[in-house]
Structures are given as structure tokens and as C-alpha cells.
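[1] make a model of this:
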Amino acid sequence: MKILNLFRGYYFFVVIIFSLLILSSVYVMEYFYDLPPCKLCVYQRIPYFLILIFSIFSIFLKDKKIPFYFIFFFFLSSASISLFHSLVERGILSFDSGCTSNTGSFDSIDDLREHLEIVPITKCDEIVFSFLGLSLANINFIISLFFIFLNLYFTFSKDEKSY
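    As a prediction, this is how the structure comes out:
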């Protein structure tokens, strides 16, 4: 528990580093390895931008309680989006028909052409990249869950002052 209490003092710096690592890695994968994101992948980036902004802002504040709680809710939203994306990838839930491989039937060639023009290249229900059998949405869910539990520990622990 001493490690966690030491970590408490550097929490916002660690969150900044993790957010920068996550955002930079997805942009490297997108622009250097030609792995375009789907709609849900783009949505998963939004909480990390907000976490980054609030973490940088919180370093300069004396009272860090409010940014700490905002960051908790941003990680919660990140976990929710990534869990939903994971369920879409596994075929358990369905998402926008323009973001899935399952398109149904078309009455004419013109309907098919119109559909293909609006459909993104990367589908939300296809896993484009995986590591150790986990998609990026799964990895994002695990990271977000880690920070949610860490926030809960810091909030409810009585070892040192809470945020």
C-alpha cells in the first residue's frame, strides 16, 4: 500500500503520461501503419483528451478534488464506450448499420452504391488489430477499469488525505 500512497502524489502526472501514450499510439497506428479507426474508436479518444486537459489543469490547482472526480467520470465513460465497442466487436450487440459488416439486402444496385459511399472503411464490428487476443477496445477497457479502481481506492482509503 506504500506504493499506492506514493503513487497518489504523482497521480495526475501518471494520468497525463498514460493519456499521452494512449493517444500517441493510436495516432501512430492510424497514420504510420495505415490502420484507420472506426466510429467507436474515435469516440474512445474523446475521454482521453478530456482526461489530459483536466490533468494538466489540475497540476496548477491547489484543491485537486474536483478535477479528480471529473477524471474519474471520464475514465468511467471511456470504460463504457470501450465495453460497448468490445461487445459490438464480438457480435453480442449491434451498432449503426454503416459501421458494421452486416448490411442486409438491397433492392437495387443504386441502393448498394449509395450505402457504400456513406459507409466508413473500417467497420466497428471487425477487429483490425489485436495483442495477445485482445482488441484495442478490450485493452482500453482494462486500462480504464484500472484507473477507475485506483480512483475509488484513493477516494475511500483512509491511509492519507483523500482528494
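[2] for the most centrally placed residue in the chain, which non-adjacent residue is closest in space?
    Nearest to the geometric centre of the chain sits Gln44, at 3.7 Å (Cα atoms, centre = their mean). Residue nearest to Gln44 in three dimensions, not counting chain neighbours: Ile81, with 5.1 Å by Cβ to Cβ, 6 or more residues apart in numbering. Any C-beta I mention is one placed from the backbone N, CA and C, and that applies to glycine too.
[3] got the buried residues for the helix or strand hosting that neighbour?
    According to DSSP states H and E, Ile81 maps onto helix 65-89. By 16 or more other Cβ atoms under 10 Å, the buried positions in helix 65-89 come out as 67-68, 70-72, 74-79, 81-86, 88-89.
[4] let me know the average pLDDT across whatever helix or strand the residue nearest to the centre of the chain lives in.
    In this structure, Gln44 sits in helix 39-59 according to DSSP H and E. If you average the pLDDT over helix 39-59, you get 90.
[5] elements contacting that helix?
    When contacts are defined as 3 or more Cβ pairs under 8 Å, 6 or more residues apart in numbering; DSSP states H and E, helix 39-59 sits against helix 11-31, helix 65-89, helix 136-156.
[6] turn the ones you listed into a markdown table, including mean pLDDT and distance to Leu50.
    As requested, these are exported to a markdown table (pLDDT from 0 to 100; distance: least, Cβ to Cβ, whole Å):
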| stretch | mean pLDDT | distance to Leu50 |
| --- | --- | --- |
| helix 11-31 | 90 | 9 |
| helix 65-89 | 90 | 5 |
| helix 136-156 | 88 | 13 |
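[7] for Ile59, which of those is the nearest?
    Ranking the helices and strands packed on helix 39-59 by proximity to Ile59 (Cβ to Cβ) places helix 11-31 first, at 5.5 Å.
[8] relative to helix 136-156, how tilted is the closest one?
    170 degrees (axes from the mean of the first three to the mean of the last three Cα atoms, to 10 degrees).
[9] show me what counts as buried in helix 11-31.
    Neighbour count says helix 11-31 has 11-12, 15-16, 18-19, 22, 26, 29 buried, by 16+ other Cβ under 10 Å.
[10] before we move on, the earlier item: is it possible to export the helices and strands packed on helix 39-59 to JSON lines including distance to Ser55?
    Below are the helices and strands packed on helix 39-59 laid out as JSON lines (distance: least, Cβ to Cβ, whole Å):
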{"stretch": "helix 11-31", "distance to Ser55": "5"}
{"stretch": "helix 65-89", "distance to Ser55": "6"}
{"stretch": "helix 136-156", "distance to Ser55": "11"}
